[in-house]
Structure formats: structure tokens, C-alpha cells
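Student: Attaching a predicted model along with its sequence, questions to come.
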Amino acid sequence: MEKFKLKVFRYDPTKDEKPYYQTYELSVEKGMTVLAALFRAKEEQDPSISFRYNCRAAICGSCAVRINGHATLACKVQVTHMLEKYNTDTLVIEPTGNIKPIKDLVYDMDWVVDKLKRIKPWFIPKEEPPADGKEYRQDPFNHHKIDYTSDCILCNSCMSDCNALKANKDFLGPMVISKAYRFIADSRDGAKKERLEEVLKDFNLEWCVRCMECTTRCPKEVQPYENIIRTRIIAAEEGFKSPGEIHANIFENDIYNRGMLNEMLLPMRQEGILGAAKRAPFGIRMFFKGKVNIADFFGGHKVKRHEEVVKIMDKAREIKDRVKIRLVSDVHTPYEDKRRSKQGG
Amino acid sequence: MLSYDVLIVGAGGAGLMAALEASKAKDVKVGVVTKVYPTRSHTGAAQGGINAALANFDPSDSPEVHTFDTVKGSDYLGDQDAIEFMCNEAPKRIYELERLGVPFSRLSDGRIAQRPFGGAGFPRTCYAADKTGHVILHTLYEQCLKNEVEFLNEWFITELITDNNEAKGVIGIDIRTGEVHAIKAKAIIFATGGYARVYWVRNTNAIGSTGDGMAIAYRAGIPLKDMEFVQFHPTGLRSTGILVTEGARGEGGYLINNKGERFMSRYAPQKMELGPRDLVARSIETEILEGRGWGEGMMAYVHLNLRHLGARKIKERLPQIRQLCIDFEGVDPIDEPIPVRPTAHYSMGGIDVRDYRTSMTGVNGVFAVGECACVSVHGANRLGGNSLLDLVVFGKPAGTAAVEYAKNRSSDNFNLKAEEERARREIEALLKKESKENINSIRMELAQTMWDKVGIFREEKPMLEAIEKVKELKERYKLLAPGDSGKIFNTALVNYIELGYLLDLAEAIAVTAVLRKESRGAHARRDYPNRDDENFLKHSLAYYTPEGPKVEYSEVKITKYQPQERTY
Ligand SMILES: Cc1cc2nc3c(=O)[nH]c(=O)nc-3n(C[C@H](O)[C@H](O)[C@H](O)COP(=O)(O)OP(=O)(O)OC[C@H]3O[C@@H](n4cnc5c(N)ncnc54)[C@H](O)[C@@H]3O)c2cc1C
Ligand code: SF4
Ligand code: SF4
Ligand code: FES
């Protein structure tokens, strides 16, 4: 029978000075999930491998690991599919990235729960319960906004592969902000402001580098990246001046005044002289590479036919209060539709 | 030593509901101990919904009708006072869950939506898409975080310590450090979930649904009630037992045997594939037993064919089921039929609860709620959507009752330390022990035996053989050892102890099943095909003895509804 290699990250801090990898050879079986393969290795070859599991049906969120470098639920993927996908005979199984491993594939969940607690991940009602003693009413449209975000199983696949979290361990991370959005977007919830203040602290919404890795990894289609963007939009609508919004304001004014962006002055206006000074070496490099027009420092040049840009923007500003700007279209996509679109292929 | 007024063992829906309620009391120290992180509990897997006669969909529904449906569904083995209590409380608990934030699906006027479910007179099942258990579990956990409930996550409880018929504490292993601890508690609530894992691969449950709390209570002298009743779902995936919901047949899927026949025409010519769950399950089993399936032994199966529905309909109407088949069976139902077989789904039996208003057992200060408990509200057969209800309806008053109980107890000087020392020595010895057996072969033989001989069809002789086989496996278990001597996250040790629980529970199931010489609800005997109210309208109670279970019986509470024949 055909064989494959399961190469597993091993680390027991009470015994091992540093992590190492151990390889187990197993038969390829149709329908075998990576979780089943881990169990096979544990029960037939080495009882000391530690990993988390419970539902084995992609709903409890226990079993996230990195397989050949990418986070996913071990119980949701098949050995044959993975071997084919990476065109290999070896599956390398490592614990989730960005989170401290405790032993082998088991990571420190408390670290994540502590982050989570910062955004008060619980429902705080806006109003007293209805006088009839029954449920808070919520129309299906408002329900859809929180429907798929409440699918999150806290599996941390997104946290594992987040590039911003890699650079800054204090970043709340996609799962946590997405969870905040779950409550911020709930028409019954009354603590929108409080939660927004928390996620806006320490530039949390800005730290995200929009790499989309979280949304790509999420096994439940929770769309953490999109939820971060949705949170930014709601923050702006609520009148918060996030760095992102200041950025957007500068952008708007530049376009109005010149028809193009003054990249040279952007950092200075956004972060003040001192903040911009930190970036100076980068700016100077850009200058020598011919990316920056030095004239920009002195008010800069304008685009051709600038007056037409002004006309368009005037019109837009004039009708802006009448036409309420809609959130990006997929914000309101109902749960079912989203699923279908994903499974179309 | 860790010490609590109220200690809750288990953080699924039942445990968290009790914890939330108990945590509202002032000056009472409440702790929750759980072998997996609370949100990893099996409750998260419940999809369909939770029953309550809100009458949002059909105004003529009422708690009375819900009560009757449940009594009838239980094949008259449920206690009618407890069932009535549950169905009356149901709407209040749903409103409470909603106000805690559960994102229920909605009707267009903003009220909670309800869907029809098997065995119910009206669309009564409240739901959140196909993830009802998930959102209830997460919401309860969130509220517990808010109330700053103390959690001991990833602790594995191994023993209940009682003295003079009173709760004293538990013994547990902190999986993260490997340390063995005694935890002192005045009141202890077990909420450890079901035992369907006795049937290992042929079941819908989580890997950790090993009936721990039941086995622990049983060994401590508390009887297990109605253990012979195990619910089987007709369609589980062949290799994992994972549930393929009724929706697949509802949309027009066919069940096919190896002769290419739609065999349901023999068993339910009118309803065909949409006959009641137990009938469809028995039909599939008959086909397999008579050689008209594919595969061998535990891996035998029939086909659930969806191909004739066409790719478009499958993608549109059954996307989740398709995904499940692709992820867990490696089969795309657009191109291939799905291999299915009935699968163990729910444990009606459990720790004998004496008083449904408090969920207290026969031992003072020991309570049990959720699937590990047997009140009994499900009797011989549970209705879909009534289990999640059971968790929240009985979890809440159990929390209050445990607080009251603990408040009225002063601390004593029972020597728990001595028990801790003994347990520590035992675990240390286990870690050093050499293994002469394989855990998987014992587990698989147990599952195979229980499936073949104490499964969907039962008969005296095979069941007696099963009891012998379980005894033999218990002997072989003595030669088994965890095989890992590590301290941190030693899941081999956990799995080893769990298998010991399964063996005890399997014995209780088999012994009570042999003694019940009738067919009722999920307990179908070929040699006694009819219900026998004269002799068996009673609950079985299995008491632990080292030689095997000793069985007694207790009365079924009948208030309004006299037993009738159960037809649908
Ligand atoms: C696939 C599936 C679908 C279902 N769908 C529905 C449905 O639609 N509607 C419905 O009403 N019911 C449904 N059910 C049934 C229902 O989900 C369960 O009966 C219910 O969730 C059990 O909840 P619980 O709180 O009793 O236990 P669980 O949720 O199983 O929790 C058990 C807890 O105990 C802890 N524990 C166990 N042993 C130990 C130990 N030794 N030490 C420490 N902690 C321990 C675990 O960590 C866990 O926290 C379904 C079941 C399945 C399998
Ligand atoms: S999109 Fe943002 S949050 Fe998501 S992984 Fe990338 S950096 Fe992290
Ligand atoms: S957002 Fe998705 S990937 Fe991230 S924790 Fe939740 S379910 Fe997992
Ligand atoms: S085991 Fe539950 S998500 Fe994989």
C-alpha cells in the first residue's frame, strides 16, 4: 500500500532543550483526515504525541495546526488532498504560529482568551427587555449582519497566520477584532462605543496590513479581515477619528486641492513633524529612487484638468448627506448566499 | 488545596447554565472544571435546534402539546411531572437565552423563528441556522466570562469522593502540568455529557463523549438509570459516523442496497426514505445483516444516492452536507453515492437524578444535569431539539439548588489529603507501568461487540455473549498502560482512563438491556418485539459492584397521560 510521511513538531519543555521533528510513516487511506493520521501515529507508533481534538467535525475549534506551513483544522482536511495539494509525500505538522506552544502541537490558549477579554466579548443589551417579557426583536436583515460572524469557533487559524500579529504580539489579532465586530454590529447591543474605543486603542485597526491571510485560513468563512474593515467603517460612521480616518481625510483634501495625493507631506500631516522624522530615511531613499517629486514639499503640483475633479467632488459633497454611503456590499450579504458563492466551484 | 462551595464538572451547555446561575450568588465560591476549553464541548455540535412552544410560527402550539409529544416520544417511560416542568419552563429559558445574546434566526417581524422537527405536533424548534448548539454554548461561555466565573480548563476529573453519603470533593489531573490534585467542594454538579463513544467509530459524538461523569458517579455508588436506551440515527458517514442530517433524504435522496434497489419500499412503502428515524435505522441494518450492503463488519454500509438531484440542486440546497462528505468521507455526492450507516447518537440513560427540581442525586450535595443525567425526561427515546432544552431548563435550577445546599453546609475536617496522596500514587504507578496491550484494539473490539450485539437489534443470546466479551476486555484492559510517562499534556493517560469508563458503561448498558424483556423506544428486541407495560413500565437502576452491575427498578411518574400505543 502507498505510504506517506507525517513529520510532526515535537517539544516537551520539561525534557527537550529545543523543538525537533519526528517522522512517522503511515499508509495512505482514502477519507483519512490529518487528525485521524495523528491518532494513528499516536496509537500505533508513539503514544507521547500531544495534540488537541474533540468534535472531529470542524465545529469545536480544538485541532488547528499548521500543515506544510499553513494553519487549518486537522480534522477538516484529508491526507490525500493535502499530499496532492503540496505535491509531496510528506506532511509537516506544526503548532499554530504566533502563539506559544505548550507541548508538541498544543498552544497557549489562555494568551488568546486574555486578549479576547479586552473587548468584552459578551452581549450588553441596549435596552431593558421588552415589556411583554419576550425576546428582543431583531429583523432578519439585522440578524444576517451577525449571523456569519457568530460562526467563529475560536480555532485561531487566523491568529496563527496573521502577518501583523507576527510583527506585533500586542496586536489584538483578527479573531479578536472580528469578535468585537460580532457585538458592535448587533442591533440589540448597547456597548458599541466602549468596544470601538477598545479596538481603536494602540492603532489596533491600523496594524492590520490587509494581507487577507486570516480570511483565507478561516475554516468557518467568518471573514475576519472583512470584519476589521467593517469595524473601521462603523467607527468612522460613529464619528471616531481613527488614524485611518485622518488618513482618509487628508486623502480627500489632497484630491480636492490637487487632484492627486501629496505623499511627501502625508506622514507629516498625519503623525506630526516628529512622527514623520522617523520615516525620513525611507522618504530620502524614495527620493533617490526617483519615486518622489521634490516639488511636493512646497505645496506640490496639480493634475491636468484639476477643475473637473473639483466639480465632481463638489457635487459629491453636495449630495453626500442625502445619499447615505452604504457599507461595502458584502457586509450585508446574508449567510446562505455567502456559503453558496463559496461552494460554487 | 483548591476549595469551592460549588464545583461544576463539565462546561457544555448544562454545566455553563448551572455555572452562570450559581455565579449570581454573593459570597459563594463557584468553580467550573472541564477537560476541554468550554467552547470545545460537544454541545457546540448540535445543529438542528431547541424546542419551546413559543407559538411564534403557529399560535395553536402550547406547552401542553409539547408535553404530550415528549411523553409519547419517550414511549411513556419519561416522568410526566418532570416533562411538564420542562415544557412549561421552555419558553422562559429561550427568552432568557435570547436576552443573553444568542443570535437566533428570526421571522420577518423580528421574533424568533421556529422550524418543524420529528415527533412534534407544530413547528416548535427554535434555531440559529444549522449551528444552534454552537451559538448557545458560546453565548453561555461569554456570559460566564462576564460574571468572572473561575474556570479550571483542561483538567481531567477521575474520581468523586463522598463520605457518609455526602459530597466531599473530586480528584483530578491538571492536564497542563500533569499534577494530581484533590479539589474540595461542598456541592458538586456533574455535567459531563453522553456515552455514545461506547460505539467508538459508529457514532456522531465528539471524541471526548466518553461518559466520564457517569462512570465516576457509578463507581462512587450512585446508580445509573435506564442505561439500555441508546438512540441511533439512521444516516452517519461510513468511516466516521458523522451525522448526515435528515435534510439529504428530505430533498429527495434515495437509500440503495448492493442490488441497486430502493429498499425502503419493503419497510415503508408510503413514506419510503422519510419514515421515522428508528424505522429507517432498522431497515438499513437489516439490509446490511442480510448481505445486501457493501463492506465488512463495522465498516459495512449502504448508499445514500443524491446524484439524480443534479449538481445544481445539490450545491444550492445541500451545500453543507456536500462539504461534510467531501471533507470527512472523501466523496463528492455529485459524482458518487454517499456510503452511510446508522450511528449511535444520544444517551437517554445516565446518573440517577432523584428530584427534577434540584437535579440532586441520592448522595447529598451531588447533582447531575445534561446528557450525563437521567431525570428522566427523554424516557426510552429522545425527541430532536429536546436535549438542548434539557440542558438549560435543568441546568439553571441545579445551579441555584447547589448554592443553597452549599450555604447550609459548614466546612468539615474530612481528610481529603489522604485521598489525594493515594490517587497521586496510583497515577504515578500507571505512568511507570509497561503496556502489554493496544488501546485501539480494545476500543475497537468493544465498539464492534456493542454494535453487533447490543446495537440497533437486540436478542438475549448475543447480549449475553457481549457481557462475557466486555468482561474479557476488562481483563485485557488491566494489561494496558498509557504508554507515555510524560507529565505535560499527557493525553495518552487521559485516553487510557476514558477507556476504563467506557468499559464500565458498556457493561451497564448490556446488563440492563438483557433484563428488559420488551421493545420500547430505542430498545428493540427481536425476541420480545412488543412493549410490555405490565412488567417493564419502570426505570432500571444499575449499581456498581466489582463483579458487575446489580440492577434494581424504580417507578415511572405518570400524571396526565396513560400509556397508549405509539404510532405516527
Ligand atoms: C451531531 C449532534 C447533533 C445534535 N443536535 C441536537 C439538536 O439539534 N438539538 C438538541 O436538542 N440536541 C442535539 N444533540 C444532542 C446535544 O447536543 C447533547 O445532548 C448536549 O449538547 C449535551 O450537552 P452537555 O452539556 O450535557 O454535555 P457536553 O456538551 O458533552 O459537555 C460535556 C462537558 O464535560 C466535560 N467533561 C467530560 N468529562 C470530563 C472529565 N472527566 N473531567 C472534566 N471535565 C469533563 C467536557 O469537557 C465538557 O465541557 C446533538 C448531538 C449530536 C452528537
Ligand atoms: S488581513 Fe490583517 S488581520 Fe488578517 S491576517 Fe492580514 S494582517 Fe492579520
Ligand atoms: S475567525 Fe475563523 S479562523 Fe479565526 S478563530 Fe474564528 S473560526 Fe477560526
Ligand atoms: S476536532 Fe473539533 S474542530 Fe477539529
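Tutor: Great, that's in hand. Keep in mind it's a predicted model, so treat the numbers as computed, not measured. Ligands and ions are numbered 1, 2, ... in the order given.

Student: Would you enumerate the residues in contact with the residue nearest in space to the middle of chain B?
Tutor: Central residue of chain B (CA atoms, centre = their mean): residue B:194, 2.9 Å from the mean position. Going by CB atoms under 8 Å, 6 or more residues apart in numbering or on different chains, residue B:194 touches B:42, B:205, B:209, B:211, B:346-347, B:350, B:371-372. For the C-beta atoms, the positions are set from N, CA and C on the backbone; glycine is no exception.

Student: Let me have those in a markdown table, extended by pLDDT and neighbour count.
Tutor: Converted to a markdown table, these look like this (pLDDT from 0 to 100; neighbours: other CB atoms under 10 Å in any protein chain shown):
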| residue | pLDDT | neighbour count |
| --- | --- | --- |
| B:42 | 97 | 28 |
| B:205 | 96 | 31 |
| B:209 | 97 | 28 |
| B:211 | 98 | 32 |
| B:346 | 95 | 24 |
| B:347 | 95 | 29 |
| B:350 | 98 | 31 |
| B:371 | 98 | 33 |
| B:372 | 98 | 30 |
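
Student: Just the ones of those residues in strands?
Tutor: Among the contacts of residue B:194, DSSP state E puts B:346-347, B:350 in strands.

Student: so, in contact with ligand 1 or not, stretch B:194-213?
Tutor: Yes - counting by CB under 6 Å from any ligand atom, ligand 1 has neighbours in stretch B:194-213: B:194, B:204-205, B:209, B:212-213.

Student: how far does that stretch sit from the chain's center?
Tutor: In this view, stretch B:194-213 has its centroid 8 Å away from the chain centroid, taken as CA atoms, centre = their mean, to the nearest Å.

Student: if we can go back for a sec, any idea whether the residue nearest to the centre of chain B is helix, strand or coil?
Tutor: For residue B:194, the assignment made with DSSP: H, G, I helix; E, B strand; the rest coil gives coil.

Student: quick one: is the lengthiest helix in chain B near chain A?
Tutor: Among the segments of chain B that qualify as a helix by DSSP state H, the longest is helix B:491-515. Yes - on the criterion CB under 8 Å from any CB of the partner chain, helix B:491-515 is in touch with chain A at B:491-492.

Student: Can you show me the helices along the stretch 201-350 of chain B?
Tutor: Assigned by DSSP state H, counting those that start in this stretch, the helices in the stretch 201-350 of chain B fall at B:212-219, B:247-250, B:264-267, B:277-289, B:310-317, B:319-329.

Student: er, the stretch 51-200 of chain A actually
Tutor: Here the stretch 51-200 of chain A has its helices, by DSSP H, counting those that start in this stretch, at A:79-85, A:109-118, A:140-147, A:157-161, A:163-167, A:174-184, A:192-200.

Student: Against which helices or strands is the second one packed?
Tutor: Under the contact criterion of 3 or more CB pairs under 8 Å, 6 or more residues apart in numbering or on different chains; DSSP states H and E, helix A:109-118 touches helix A:174-184.

Student: Just name whatever secondary elements the helix it packs on is in contact with.
Tutor: Using 3+ CB pairs under 8 Å, 6+ apart, helix A:174-184 sits against helix A:109-118, helix A:157-161, helix A:192-200, helix A:213-217, helix A:224-237.

Student: Go again with 6 Å.
Tutor: If you count contacts as 3 or more CB pairs under 6 Å, 6 or more residues apart in numbering or on different chains; DSSP states H and E, helix A:174-184 packs onto helix A:157-161, helix A:192-200, helix A:224-237.

Student: With adjacent residues omitted, what lies nearest to residue B:474?
Tutor: residue B:503 (5.2 Å; CB to CB, 6 or more residues apart in numbering or on different chains).

Student: got it, and residue B:173?
Tutor: Excluding its sequence neighbours, the residue lying closest to residue B:173 (CB to CB, 6+ apart) is residue B:156, at 4.8 Å.

Student: On the secondary structure side, give me the element for that neighbour.
Tutor: Taking DSSP states H and E as the criterion, residue B:156 maps to strand B:155-163.

Student: cool, and residue B:103?
Tutor: For residue B:103, there is no host helix or strand (DSSP H and E).

Student: Now do the contacts for it.
Tutor: A:146, A:150, B:128, B:135 (CB atoms under 6 Å, 6 or more residues apart in numbering or on different chains).

Student: Quick check: pLDDT value at the first one.
Tutor: Same thing as residue A:146. pLDDT, residue A:146: 92.

Student: Am I right that the residue nearest to residue B:173 is in contact with residue B:35?
Tutor: Yes - the criterion here is CB atoms under 6 Å, and residue B:156 meets it with residue B:35 at 4.7 Å.

Student: ok, these two, which is more surrounded?
Tutor: Set residue B:156 next to residue B:35 and count neighbours by other CB atoms under 10 Å in any protein chain shown: residue B:35 wins out with 26 against 22.

Student: and the gap between the residue nearest to residue B:544 when sequence neighbours are not counted and ligand 3?
Tutor: Excluding its sequence neighbours, the residue lying closest to residue B:544 (CB to CB, 6+ apart) is residue B:218, at 4.8 Å. Distance, residue B:218 to ligand 3, using CB to the nearest ligand atom, to the nearest Å: 37 Å.

Student: Quickly list the domain ranges of the chain.
Tutor: No chain in the question, so chain A it is. By the assignment in automatic domain parsing, chain A contains the domains A:3-107, A:110-242.

Student: Please refer instead to chain B.
Tutor: Annotated domains of chain B cover B:233-342, B:434-538 [automatic domain parsing].

Student: what about the residue nearest to residue A:99 when sequence neighbours are not counted, how many neighbours?
Tutor: Spatial nearest neighbour of residue A:99, chain neighbours left out: residue A:107 (4.3 Å); criterion: CB to CB, 6+ apart. A count of nearby residues for residue A:107, using other CB under 10 Å, gives 23.

Student: same deal with residue A:21?
Tutor: 12.

Student: List phi and psi for it.
Tutor: Main-chain dihedrals, residue A:21, degrees, to the nearest 10: phi -120, psi 140.

Student: swap in the one 5 residues further on?
Tutor: Here the main-chain torsion angles of residue A:26 (degrees, to the nearest 10) amount to phi -130, psi 160.

Student: That one pairs with what?
Tutor: As for beta bridges, residue A:26 partners with residue A:4 under DSSP bridges.

Student: any idea how far it is from residue A:80?
Tutor: Note on residue A:26: its distance to residue A:80, by CB to CB, to the nearest Å, is 12 Å.

Student: And these two? Which one has more around it.
Tutor: Neighbours were counted for residue A:26 and for residue A:80 using other CB under 10 Å; residue A:26 has more, 20 against 16.

Student: pLDDT score assigned to that one?
Tutor: Here the pLDDT value assigned to residue A:26 is 98.

Student: Return the residues in contact with it.
Tutor: Residue A:26 neighbours (CB under 6 Å, 6+ apart): A:6, A:37, A:40.

Student: which one of the residues you listed is nearest residue A:178?
Tutor: Minimum distance to residue A:178 across the contacts of residue A:26 is 29.9 Å, recorded for residue A:37 (CB to CB).
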